[in-house]
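Student: Below are the sequence and a predicted model; questions follow.
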Amino acid sequence: MNIIADTAGVWLPTAIVGLLTIFSDRILERIKFRLKRADLRIKYFEQLALDLSSYLFYAELFHERHSRGWTKDPDDLGAIGGEVNSAVVTLRKKEYVYRSWAKRYWGREPETELVEVLAAVKAADDAVHLFNDGAQEEKIVLLGQRLVELRGKVERWLMQH
C-alpha cells in the first residue's frame, strides 16, 4: 500500500502540472489571438477613417473652390480634382475589403451602415463628375448637399464604431 501511495504522490502532482500546462497554453493562445484581433481592429479602423477623411477633405475643397468662384487657376483646380479622383479610387477599389473588415471586426450592423456610407461617397462622386461638363450653380448646390449627407454618415459611422 505504501508503494501505491508513494507512486501516486509522484504522479499526481506531475499530472496536475501537465494538465495546467496544457490549459495555460490554450489560455495564452486565446489571449494572444484576442490581442492581435484588437490590434487589427484598431489598425483597420484608422485606415478606413483616413481614407474617408481624405476623400471628404478634397471633395469639400473642390466644392469650396467652385462655390466661392475660385476657379480662375486651372492648375489649382486640376490638382484638387486629381486628389478627389485619387481618394475616391482608393475608396472604391477597397470597398469590399472595408466591408469585410467591418463585418469581421465590428459586426453585421456596422457593415450595413458602412455600405450606406460608401453609397454616399458614390453619390458625392457622381455630383463631382457633373463638373466635367462645366460648373453651374445647380451642380454646386447638389454637390454641397451630397457632401453634407456624406459628412453626416461618415461622422455617425466613425463615432459609433
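Tutor: Good, I have the coordinates.
Student: ok, the most centrally placed residue in the chain - contacts?
Tutor: Closest to where the C-alpha atoms of the chain average out (C-alpha atoms, centre = their mean) is residue 48, at 2.8 Å. Counting by C-beta atoms under 8 Å, 6 or more residues apart in numbering, residue 48 touches 98, 101. Any C-beta I mention is one placed from the backbone N, CA and C, and that applies to glycine too.
Student: go again using 10 Å as the cut-off
Tutor: Taking C-beta atoms under 10 Å, 6 or more residues apart in numbering, we find residue 48 in contact with 91, 94, 97-98, 101-102, 114, 117, 154, 157-158, 161.
Student: do residue 57 as well
Tutor: Applying C-beta under 10 Å, 6+ apart, the residues near residue 57 are 83-84, 87.
Student: Same question for residue 132.
Tutor: residue 81.
Student: Over to residue 83?
Tutor: Taking C-beta under 10 Å, 6+ apart, one finds 54-55, 57-59, 61-62 in contact with residue 83.
Student: Report the buried members of the residues you listed.
Tutor: Neighbour counting by 16 or more other C-beta atoms under 10 Å classes 54-55, 58-59, 62 among these as buried.
Student: Look through this protein and tell me its longest helix.
Tutor: helix 2-67 (DSSP state H).
Student: Heading C-terminal from it, find the next helix or strand.
Tutor: Later in the chain than helix 2-67, the nearest helix or strand by DSSP states H and E is helix 74-93.
Student: In that following helix, which of the residues would be classed as buried?
Tutor: Buried-residue list, helix 74-93, by 16+ other C-beta under 10 Å: 77, 80-81, 83-85, 87-88, 91.
Student: re earlier: of the contacts of residue 48, select the buried ones using a PyMOL command.
Tutor: Remark: buried members of the contacts of residue 48, expressed as a PyMOL selection using 16+ other C-beta under 10 Å:
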select buried, resi 91+94+98+101+102+114+117+154+157+161
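Student: picking up where we left off before, just put the contacts of residue 57 in JSON lines and tack on pLDDT and distance to residue 35.
Tutor: Listed next are those as JSON lines, based on pLDDT from 0 to 100; distance: C-beta to C-beta, whole Å:
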{"residue": "83", "pLDDT": "98", "distance to residue 35": "36"}
{"residue": "84", "pLDDT": "98", "distance to residue 35": "38"}
{"residue": "87", "pLDDT": "98", "distance to residue 35": "32"}
